[in-house]
Each structure stands twice: as C-alpha cells, then as structure tokens.
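[1] With the input below, show me the fold.
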Amino acid sequence: MTKLQLTVCLLCLSTARADDLLFEDALAARPANDWSWREEVQATQRPTAHGLQIRSMPGNIWGGTRDLKTWLLRPLPSSETIRTEVTVSASPKLEYEQAGLLWHVDDGNYVKCMQEWLQGKLVVNFVREEKETPQIVATVPIESNTVHLRLTKTGGRIVAEYRTADTGPWQTVGSCSPLASAPTHVGIGTMQGESQSDRWATFSQFRITAPK
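    So this is what the prediction gives:
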C-alpha cells in the first residue's frame with residue numbers, strides 16, 4: 001500500500017467513525033427552536049458573540065430539591081446511543097457553585113456533568129440521582145475555567161467526559177448505569193450561585209450526536 005493509499009484509508013476510517021450530528025447550536029444568538037426556559041428569571045441570561053451567558057443563580061436539585069431556575073432545556077432523543085456536549089466558561093467562587101450539562105427525567109432522577117467549585121478547588125463533578133437519592137459518581141480536578149463537557153449513553157452505560165482544550169483526547173470523569181427511566185430533556189445552566197451575583201457562565205458549541 002502506497003503512502004497516499006494509506007492516508008486515504010485512514011481518512012475513510014476517521015469519517016466512518018464520526019458521530020452522526022443530530023442537532024447543533026453555537027448559542028451565539030437567541031436559542032434555536034425546541035429550546036425552552038425553566039423558571040426564567042428576568043435579566044439572568046443574555047446571548048453574546050461568544051455564547052449564551054447565564055448568571056450564576058441559586059437553586060439546586062440535589063436530593064429532590066426543586067428550586068432550579070433559568071435552565072435552558074430541549075428534548076433529548078430516546079436512543080440506545082446518544083451523546084451531548086457543551087463548552088462552559090465560568091469562574092465559580094462559592095462552595096458547590098456550578099455550571100454545566102444535565103440529563104433530566106425529573107428533579108429526583110437525573111445525571112449531570114458540571115464545572116464546580118468544590119472544597120476549595122475547581123473540578124468536573126459527575127452526579128447521578130435516582131428516586132431522590134443522589135450519588136457523586138466521580139470528581140476530577142481541573143485548572144482551566146473553560147472546559148468542554150460531554151455525556152454519552154452507549155453500551156449500557158452513561159459516561160461523563162471532559163477536555164480543557166478545543167482539540168485532543170477526551171478524558172473520562174466516570175461512568176454509571178442508566179436511569180430506570182430514560183431522560184427526556186437535556187439542559188444547560190447554573191446552580192448554587194447567588195441571586196445578585198455578578199458572575200456569569202458562558203455556554204457555547206452545544207451538540208447532540210449519535211455515536212458510532
């Protein structure tokens with residue numbers, strides 16, 4: 001096999017393995033169709049050229065708490081293999097202050113992958129809650145305020161991943177068993193902030209794909 005033939009072969013394999021794109025939103029303008037706000041609070045979200053900014057808001061769903069506000073949600077396709085990802089840029093300061101990605105059945109049944117301030121350091125925190133019983137699946141420390149987050153359901157598992165560069169390999173945070181009921185929505189937003197906070201989380205490069 002010549003060098004050219006090998007290059008073409010590798011490109012074909014790369015293309016064949018690429019995820020099928022189901023939905024994409026740069027979040028640099030008004031959210032596209034099928035997005036909806038949960039408990040939108042006035043002056044807590046704004047589109048920018050760099051992405052959608054959401055104020056770091058109070059509210060939580062840990063342990064079945066139900067006071068989450070200003071979360072942007074859209075339907076999550078029901079499939080044996082599904083993947084969502086988003087880029088988050090934020091500078092949390094309070095303990096448990098967080099921003100990221102949520103797969104939601106209801107407030108007592110979900111998984112989330114969040115950039116979070118936890119025990120004095122910045123981390124990616126992967127949480128699974130079922131029947132109002134939350135569990136931290138895995139936590140990984142990071143140094144960058146900008147992080148790419150990804151949740152994937154494949155092979156009978158839900159896997160949380162991250163990376164802090166635009167390119168390069170994804171790093172696994174952890175994996176868990178699927179929820180008894182399939183999540184119906186995927187969301188982006190903030191939790192455990194302050195009502196008058198001057199801190200904003202910027203969300204961009206949102207995608208839903210079907211991994212191969």
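
[2] now this structure, which segments are flagged as low pLDDT?
    1-17 (pLDDT under 70).

[3] change it to 50
    4-16 (pLDDT under 50).

[4] ranges for the helices of it?
    Secondary structure of the chain (DSSP state H): helices at 3-17.

[5] Span of stretch 110-124 from start to end?
    17 Å (CA to CA, to the nearest Å).

[6] Next, the buried residues of that stretch.
    Residues of stretch 110-124 classed as buried: 110-118, 122-124 (neighbour count, 16 or more other CB atoms under 10 Å). No exception for glycine: its C-beta is placed from N, CA and C like everyone else's.

[7] Ok, stretch 150-169 next?
    Quick answer for stretch 150-169 (16+ other CB under 10 Å): 150-154, 158-163.

[8] which one of those residues is nearest Thr44?
    Comparing these against Thr44 with CB to CB places Leu151 closest, at 24.0 Å.

[9] out of the buried residues of stretch 150-169, which are inside strands?
    Among the buried residues of stretch 150-169, the residues falling in strands (DSSP state E) are 150-154, 158-163.

[10] rewinding a little: from the buried residues of stretch 110-124, which two are the most distant?
    Maximum distance among the buried residues of stretch 110-124 (CB to CB): 22.2 Å, for Tyr110 and Leu122.

[11] Return the residues in contact with Ala90.
    By CB atoms under 8 Å, 6 or more residues apart in numbering, the contact set of Ala90 is 56, 99, 115, 145, 190, 199-202.

[12] Over to Ser195?
    Here Ser195 is in contact with 57-58 (CB under 8 Å, 6+ apart).

[13] 10 Å - rerun?
    Neighbouring residues of Ser195 by CB atoms under 10 Å, 6 or more residues apart in numbering: 41, 44, 55-59, 69.

[14] Backbone dihedrals for it, both of them.
    Dihedral pair for Ser195: phi -60, psi -30, per degrees, to the nearest 10.

[15] Please point out which parts of stretch 41-61 sit buried.
    So stretch 41-61, judged by 16+ other CB under 10 Å, has buried residues 44-45, 51-59, 61.
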